[in-house]
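S.K.: Could you work out the structure for the sequence below:
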Amino acid sequence: TFNSQDIANTVWSYATVGHVSPDLFNAAAEEAVKKINTFNSQDISNTIWSYATVRHASPDLFNAAQEEAVKKISTFSSQAISNTVWSYATVGHASPDLLNAAAEEAMEKMSTFNSQDISNTVWSYATVGHASPDLF
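M.R.: Predicted structure coming up:
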């Protein structure tokens, strides 16, 4: 049985090399939804990034991950925040609660954002048309 890190590492590996495997991604999503409360911030970010990178739709996973990410947003690094909001924007999955929580956390951690984190975050909010005047 795969734990949260196993799931995240597996789909990340496939996405990183650009190997699309719908059966694997479907099975991993099903398992991830069941175990989403055991995912840490990096597991959430890497998993969601992987699905967005290979453009594999998984609404149930994105919904579950959004709820868990909002609960754990204070544990997300600047890169995890950036990659997570980029992933939701890339797949076009509505996530206003996540975007609001991420914006608030990003303001607290702005000094740790590098240029890529800033660029991806700004692109994400612009792409989905989510206003966050305090962040920007």
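S.K.: got a list of what the residue most central in space within the chain touches?
M.R.: Ranked by distance to the mean C-alpha position of the chain (Cα atoms, centre = their mean), the top residue is residue 84 at 2.8 Å. With contact taken as Cβ atoms under 8 Å, 6 or more residues apart in numbering, residue 84 is in contact with 44, 45, 48, 49, 69, 76, 98, 102. Where C-beta positions appear, they are placed from N, C-alpha and C, glycine not excepted.
S.K.: Other residues contacting whichever strand or helix holds the fourth one?
M.R.: Yep, that's residue 49 we're talking about. Using DSSP states H and E, residue 49 sits in helix 41-53. Residues from elsewhere that reach helix 41-53 (Cβ under 8 Å, 6+ apart): 4-5, 7-9, 11-12, 14-16, 25, 28-29, 32, 36, 39, 57-58, 61-62, 65, 68-69, 72-73, 75-77, 79-81, 83-84, 86-88, 90-91.
S.K.: filter those residues to the buried ones?
M.R.: Among these, those that count as buried by neighbour count (16 or more other Cβ atoms under 10 Å) are 4, 7-9, 11-12, 14-15, 25, 28-29, 32, 36, 39, 58, 61-62, 65, 68-69, 72-73, 76-77, 79-81, 83-84, 86-88, 90-91.
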